[in-house]
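> my questions are about this predicted structure, shown below with the sequence.
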Amino acid sequence: MRERIQLSKDILDQELEELTAQLFDQANKMVIDEARMRDNLENANKELRCELKDWIRRFETRGEELKDLQRSLRALQAAKARSASITALSPGTSVANLDQLSGSKIYRMAYGQLPVDGYIFIEFQDHIKQTALASSLPPSQAQATTQSTLFMRRCMVEDIEPCLFYNYQHPQFAGMNLTLFFKPGAGMSSAFKRKLLDGTMRGSLLFTPFYSSTESLPAADPIERLDQDRRISTVFAAGPPPKTRCTICTVVRDCEYRMRFSSEVGASPTGGPSSSAATIEWMSLCRFCRERVIAVTDFFTYINHLRQGAIGPGKQGASLLGIYRHVLYLRRRMASTRIGSGAMFEVDPATNPDWEKMIQILN
């Protein structure tokens, strides 16, 4: 009996040892297989990384080649534009072709962009911010705040004062210091300049044709101005306007218009350079000074609408760039009226080849 038990125990121990050996062999095999699979995965990962780096290098090379190609195309377009401009400057070239090849158009042809001076645009953005912040202030304080921004001070120095207080060089002043003479408003008193500037800011100036006895609407109404121009052209055909001294430029010339301040009831502005008597209400105004005053008034009217909230970014579909473009248009209009030749730029030489025959030099 004891021998049988010992034999069973020996057999059981042997089977246990064999089973343990099999388990260890299987475990070792699994470890070896896992190590082999890990090595294969790492090798495959290395190969894929190398391939990825190779593709990245290829794409970077293609990107550089594409940039070089774009630069070459731009240079080619610029060369074509320069060649076209040189061809346009050859003898016999029409003015229409010269106008079509302006600097900005050549830039757009070469680069497809519209460059804008970022410094002035930043000043305008700050003006819009100050305008929004001043909306809760009283009207007088809000106006003073918006008028003191860097953008408005720039417009005042560069556009408004040179346009509104424009003056000419007279032969009798040939011996004077021209630097002092060409200072804006040299022929006006300080009181009159302040009153004229305030009138354009408030839109309180009235204009009427020299022959009319009725008051016209303020300068900011373009429909009334167009109607006046039509009536004046009809009357001028029957007789020329009076030749008198213009209130603003102080030049003796044909004065087709008269001007007054809407707050007055029978007197011209104190200290005004008008040669008429102090009891005369209306002041003589030449065509060119009227256009300058209207250009300044239209600019202030638009700025006032911005301050009052009638116009602004996001209102009536207006964008900041759209508002900025219109403000620049009004500034450009002041510049063109200041030089007294704004009407020349309202005619397209391409559609009016005989535009030179339409020019009328007025003294």
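Perfect, I can see it now.
> domain parsing for the chain?
With automatic domain parsing as the criterion, the domains of the chain are listed as 2-111, 118-347.
> average model confidence for the last one?
Taken as a whole, domain 118-347 has a mean pLDDT of 77.
> so which of the domains of the chain is the most surrounded?
domain 118-347 (a mean of 16; mean count of other C-beta atoms under 10 Å). Every residue, glycine included, has its C-beta placed from N, CA and C.
> can you redo the domains of the chain as a markdown table with distance to residue 359?
A markdown table is the format used below for those (distance: least, C-beta to C-beta, whole Å):
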| stretch | distance to residue 359 |
| --- | --- |
| domain 2-111 | 12 |
| domain 118-347 | 7 |
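> closest one to residue 357 among those?
Residue 357 lies closest to domain 118-347 among the domains of the chain, at 10.9 Å (C-beta to C-beta).
> I'd like to know which of the domains of the chain is closest to residue 356.
Among the domains of the chain, the nearest to residue 356 by C-beta to C-beta is domain 2-111 (8.1 Å).
> strands of the stretch 201-350 of the chain, start to end?
205-209, 243-245, 252-254, 257-261, 283-285 (DSSP state E, counting those that start in this stretch).
> quick one: contacts for residue 259?
Going by C-beta atoms under 8 Å, 6 or more residues apart in numbering, residue 259 touches 205, 206, 207, 247, 282, 283, 285, 290, 293.
> widest-spaced pair of those residues?
Pairwise over the contacts of residue 259, using C-beta to C-beta, the maximum falls at 282 and 293, 14.1 Å.
> for residue 29, give its distance to residue 23.
11 Å (C-beta to C-beta, to the nearest Å).
> do residue 261 as well
For residue 261, the distance to residue 23 equals 112 Å [C-beta to C-beta].
> mean confidence for the one helix or strand residue 23 maps to?
Residue 23 is part of helix 2-88 when elements are defined by DSSP states H and E. If you average the pLDDT over helix 2-88, you get 84.
> against which helices or strands is it packed?
helix 95-100, helix 103-111 (3 or more C-beta pairs under 8 Å, 6 or more residues apart in numbering; DSSP states H and E).
> whatever helix or strand comes next after the longest one packs against which elements?
Of the helices and strands lying after helix 103-111 in sequence (DSSP H and E), the nearest is helix 118-133. Contacting helix 118-133 under the criterion 3+ C-beta pairs under 8 Å, 6+ apart are the following elements: helix 139-147, helix 150-155, helix 287-308, helix 320-338.
> and helix 118-133, C-alpha only, in PDB?
Extracted in PDB, the C-alpha atoms of helix 118-133 (Å, rounded to 0.1, in the frame of the first residue of the first chain):
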ATOM      1  CA  GLY A 118      -1.300 101.500 -41.800                       C
ATOM      2  CA  TYR A 119      -0.200 104.400 -39.600                       C
ATOM      3  CA  ILE A 120      -3.100 106.700 -40.700                       C
ATOM      4  CA  PHE A 121      -5.500 103.700 -40.600                       C
ATOM      5  CA  ILE A 122      -4.500 103.100 -36.900                       C
ATOM      6  CA  GLU A 123      -5.200 106.800 -36.200                       C
ATOM      7  CA  PHE A 124      -8.600 106.500 -37.800                       C
ATOM      8  CA  GLN A 125      -9.300 103.300 -35.700                       C
ATOM      9  CA  ASP A 126      -8.500 105.300 -32.600                       C
ATOM     10  CA  HIS A 127     -10.800 108.100 -33.700                       C
ATOM     11  CA  ILE A 128     -13.600 105.600 -34.100                       C
ATOM     12  CA  LYS A 129     -13.000 104.200 -30.600                       C
ATOM     13  CA  GLN A 130     -12.900 107.700 -29.100                       C
ATOM     14  CA  THR A 131     -16.100 108.500 -31.000                       C
ATOM     15  CA  ALA A 132     -17.800 105.400 -29.500                       C
ATOM     16  CA  LEU A 133     -16.600 106.300 -26.000                       C
END
